[in-house]
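*Asks:* generate a structure from the sequence data that follows.
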Amino acid sequence: MDKTHQNAPFCQLKDYIIEAFPLGILRDGKFERGGDALAIPPKEVKPATIEEIKKIYQDSISRKERFCFAKLSSNKNVEVPINGNKFFNKHIAIVGSTGSGKSHTLTTIIQKAMSEKDGSFSLNNSHIILFDIHSEYKTAFPDANFINTANLALPYWLLNSEELEEFFLDTEANDHNQRYIFKESIVDNRKANFKGAPEEKNRIHYDSPLFFDIHAVLKSATDKNTEVIDTGEVYASGEKKGQPKTVQGSLYGKLTNFVNRLENKVNDSRLDFLLGERAKTITFERTLETLLGYSDGKNSNITVIDLSGVPFEVLSITVSLISRLIFEYGYFYKRIRGAKNPDEKINNDIPILLVYEEAHKYVPNSELSKYRSSKKSIERIAKEGRKYGVTLLLASQRLSEISETIFSQCNNFIAMRLTNPVDQGYVKKLLPDTLGSLVDQMTSFKQGEALLVGESIVLPSVIQMDRCDKEPSSNDIPYWELWKEEWKALDFNALKSEWHK
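*Replies:* Got it, this is the predicted structure:
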């Protein structure tokens with residue numbers, strides 16, 4: 001015995017308790033969720049090897065359905081594939097605090113989806129429409145079908161009755177007179193501009209997706225507001241002797257606020273994309289072609305709609321109209337396919353993914369009237385869109401501020417760094433009780449690190465997103481470096497010109 005240990009106390013073996021939750025078992029080399037047996041003493045307990053972990057992920061999904069955009073955060077040598085069908089044909093949510101890497105995550109997923117091919121063709125059949133609220137994604141998708149207020153033509157006459165009233169009427173005033181005149185003028189003008197058969201003209205109504213002239217509606221409202229009716233009598237005496245007697249119309253002066261509101265809209269140059277000459281003359285077919293990426297012979301997998309130039313007061317209406325058109329495209333395309341082949345199993349062979357960056361700005365958990373249209377359109381897609389090949393990808397800083405109706409329909413979640421306890425609580429609800437501890441890690445996630453959970457992945461996992469190919473222009477402004485540079489000149493005339501466009 002070593003003399004230095006002669007007086008050492010007797011070494012006693014310690015007991016250890018391992019708290020473990022069964023995730024599944026490897027049976028015949030293949031991973032199965034759940035477990036019918038636990039390793040209990042005297043059986044051996046040891047950490048899984050890298051090869052065993054790879055088997056859990058890679059063998060769980062067939063090669064044909066496999067889609068991969070991330071690695072296991074704890075070991076970058078382990079790819080984490082998901083089932084591409086279950087990922088894209090179910091709604092997706094990407095959530096995370098500012099600076100957590102949401103924009104890069106969204107970009108990586110879309111870029112990889114656009115690059116996957118089952119053949120040697122140059123352009124695959126992916127169709128994605130991205131609502132870009134901060135003008136970030138043009139750099140990430142330089143070959144995209146890029147639309148902004150300078151080239152967007154969105155026909156006001158395709159707005160449905162609810163959208164029209166939200167846009168043109170003061171809905172808070174609840175004025176029945178303005179609503180009646182507005183509806184009557186639109187229906188009359190649609191009929192006047194219709195060139196079809198008389199029996200079809202009789203079926204035109206308030207929601208018919210047919211052209212009407214907004215200037216004619218304004219004139220009709222102005223005429224009613226200033227209407228003077230000849231009674232057929234003349235004055236018998238006084239200064240007006242011999243002049244015809246007149247009385248004010250029933251709506252005389254009662255539509256002034258409505259007329260002023262309508263005039264302001266029509267004359268607002270910021271709304272040319274919706275009320276200007278291009279919006280009046282563009283056809284229904286051309287509108288759909290542009291939105292779906294069939295643009296002037298240059299087909300594109302992704303349409304980036306830059307909404308940064310859209311006035312905030314019409315943002316909801318703009319998003320609502322585009323979203324509703326895409327949903328109805330899916331509905332009617334399914335009807336066409338069903339009519340051609342009653343046995344058709346695939347409702348839509350040109351499915352669409354709608355991507356809403358900063359989703360809480362379009363579909364907040366709010367009952368304010370200014371969000372009514374967009375909430376209604378997107379909630380309908382959330383509830384019914386999958387039947388018609390239209391799914392959603394929502395990205396937001398605040399999970400708890402998104403409409404619960406929409407959020408509850410999401411089946412796949414990428415939860416990045418979240419510091420707000422309320423948002424963390426939402427994520428915790430998604431996980432089994434045995435995995436709730438994963439949420440505790442979310443406050444310390446690195447940039448690009450996330451918890452991936454949902455039907456598309458074999459088990460909830462903490463992942464590290466792959467870097468995107470071309471990056472969005474969403475980097476933080478280096479204040480401290482810029483402030484230390486020399487004072488910069490600013491062209492206020494150029495600023496004014498751009499401001500007043």
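*Asks:* who's in contact with Q243?
*Replies:* Counting by C-beta atoms under 8 Å, 6 or more residues apart in numbering, Q243 touches V234, Y235. C-betas here are computed from N, CA, C, even on glycine.
*Asks:* could you do S444 as well?
*Replies:* R417.
*Asks:* hang on, I477 is in a helix, isn't it?
*Replies:* No - counting by DSSP: H, G, I helix; E, B strand; the rest coil, I477 is not found in a helix; it is coil.
*Asks:* state the number of residues packed around it.
*Replies:* I477 sits with 7 neighbouring residues when counted by other C-beta atoms under 10 Å.
*Asks:* contact partners of the helix or strand harbouring T246?
*Replies:* Assigned by DSSP states H and E, T246 belongs to strand 244-248. Contacts to strand 244-248, defined as C-beta under 8 Å, 6+ apart, come from residues E227, V228, I229, D230, T231, G232, E233, V234, Y235.
*Asks:* among these, which ones are buried?
*Replies:* Among these, the ones that count as buried by 16 or more other C-beta atoms under 10 Å are E227.
*Asks:* ok so, going back, now the strand holding T246: how far from the chain's centre is it?
*Replies:* 55 Å (C-alpha atoms, centre = their mean, to the nearest Å).
*Asks:* ok, that strand: who's next to it in the sheet?
*Replies:* Paired neighbours of strand 244-248 in the sheet (DSSP bridges): strand 228-234 (antiparallel).
*Asks:* quick one: the partner strand to chain centroid distance?
*Replies:* Distance of strand 228-234 from its chain centroid, counting by C-alpha atoms, centre = their mean, is 57 Å.
*Asks:* a strand runs through N411, doesn't it?
*Replies:* Yes - N411: assigned to a strand according to three-state DSSP.
*Asks:* for it, give me its contacts.
*Replies:* Residues counted as contacts of N411 (C-beta under 8 Å, 6+ apart) are K86, K90, H91, I92, G454, E455, S456.
*Asks:* just the buried ones among those residues, please.
*Replies:* Counted by 16+ other C-beta under 10 Å, those give K86, K90, H91, I92, G454, S456 as buried.
*Asks:* helix or strand right after the longest strand along the chain?
*Replies:* If you go by DSSP state E, the chain has its longest strand at strand 75-83. Using DSSP H and E, the next helix or strand after strand 75-83 towards the C-terminus is helix 84-88.
*Asks:* which regions of this structure lie under the pLDDT threshold?
*Replies:* Along the chain, segments meeting pLDDT under 70 span 1-14, 19-22, 29, 34-43, 172-174, 431-436, 475, 501.
*Asks:* which residue is nearest the centroid of it?
*Replies:* For the chain, the residue nearest the mean C-alpha position is Y356 (2.4 Å; C-alpha atoms, centre = their mean).
*Asks:* bridging residues for that one?
*Replies:* Here Y356, judged by DSSP bridges, has bridge partners F131, L394.
*Asks:* please report how far K245 lies from T231.
*Replies:* With distances taken as C-beta to C-beta, to the nearest Å, K245 is found 5 Å from T231.
*Asks:* one more: G101?
*Replies:* G101 sits at a distance of 74 Å from T231 (criterion: C-beta to C-beta).
*Asks:* also K76?
*Replies:* In terms of C-beta to C-beta, K76 sits 88 Å off from T231.
*Asks:* for K241, same thing?
*Replies:* Going from K241 to T231 by C-beta to C-beta gives 15 Å.
*Asks:* sorry, back to before: name the nearest of the contacts of strand 244-248 relative to Y333.
*Replies:* Nearest to Y333, judged by C-beta to C-beta, of the contacts of strand 244-248 is E227 at 46.4 Å.
*Asks:* show the contacting residues for that closest one.
*Replies:* Residues near E227 by C-beta under 8 Å, 6+ apart: Q248, G249, L251, Y252.
*Asks:* one more time with 10 Å, if that's ok
*Replies:* E227 sits next to T246, V247, Q248, G249, S250, L251, Y252, G253, L255 when contact means C-beta atoms under 10 Å, 6 or more residues apart in numbering.
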